[in-house]
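Novice: Pasting the sequence and the predicted coordinates here, then a few questions.
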Amino acid sequence: MAISKIIIRLTLSTLIFLMGTLLFIGCDNKPQTSGTAHWDIVDVLPVGIAQPLKINYDNKINLVGITIIKLSSEELMVFYFWQPLQELGAFDKVFVHFTDANNNILFQNDHSLDPSWSSKKSHGKYIREMQRVKIDKGPEVKDCYVKVGIFAPDLSGWPRLKITTSGGMAIDESSMSAIVDHFIF
């Protein structure tokens, strides 16, 4: 029994490694690392994105896709696909809330956007970002919604960028976050 669990974990680890490798195919540069994130800048949007998106945050940056892989009941691998359009300024943090159907936060993946993404060299290109997300406690609910927005933690009141276009995705009443994915635990 223990050997079969080890084999299953190794097989799952291999599958996840291959999936990550496929999403990073075409990378001319070595992926950059920052904390638990890995990212790179590419000219062409990668294939194989599970949830293609067209979410524009105040004409500064687009979220063009997301892929979520459940590694275990305690960890996810999340691939975000961004397209910087102009300088982000103080809006350098992403909030990612994993919520239940009643909008209660189950866990989060708030993280900083790398400052280099605001440079003119990155404008119009695509950023592939990979984040490992630890789940403190497995949610007791089965449905999980993923909400994403961008905010400025250093400004008074933590203002958020307004969603200019959502590509048909549901947005909150203030147009500051979009539900970008839904999955079952």
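Specialist: Arrived safely, thanks for sending. This is a predicted model, so every value here is computed, not measured.
Novice: can you list the weak-confidence ranges in the chain?
Specialist: Residue ranges of the chain with pLDDT under 70: 1-37, 137-139, 141.
Novice: Pick out the residue closest to the middle of it.
Specialist: Central residue of the chain (Cα atoms, centre = their mean): Tyr80, 3.5 Å from the mean position.
Novice: need the contact list for that residue.
Specialist: The neighbourhood of Tyr80, defined by Cβ atoms under 8 Å, 6 or more residues apart in numbering, consists of Leu63, Gly65, Ile66, Val94, Ile127, Arg128, Glu129, Met130, Gln131, Val148. Just so you know, the C-beta spots here come from the backbone N, C-alpha and C atoms, and that holds for glycine as well.
Novice: Any idea what the second one is bridged to?
Specialist: In other words, Gly65. Bridge pairing for Gly65 (DSSP bridges) gives the partners Pro52, Phe81.
Novice: Need the CA coordinates for the helix or strand Ile150 falls within. PDB is fine.
Specialist: Using DSSP states H and E, Ile150 sits within strand 143-151. Taking Å, rounded to 0.1, in the frame of the first residue of the first chain, the C-alpha atoms of strand 143-151 are listed here in PDB:
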ATOM      1  CA  ASP A 143     -17.100  24.700  -4.800                       C
ATOM      2  CA  CYS A 144     -14.300  27.200  -4.900                       C
ATOM      3  CA  TYR A 145     -14.300  30.500  -6.900                       C
ATOM      4  CA  VAL A 146     -11.200  32.400  -7.800                       C
ATOM      5  CA  LYS A 147     -11.400  36.200  -7.700                       C
ATOM      6  CA  VAL A 148      -8.500  38.400  -8.900                       C
ATOM      7  CA  GLY A 149      -7.900  42.100  -8.600                       C
ATOM      8  CA  ILE A 150      -4.900  44.500  -8.500                       C
ATOM      9  CA  PHE A 151      -4.300  47.100  -5.700                       C
END
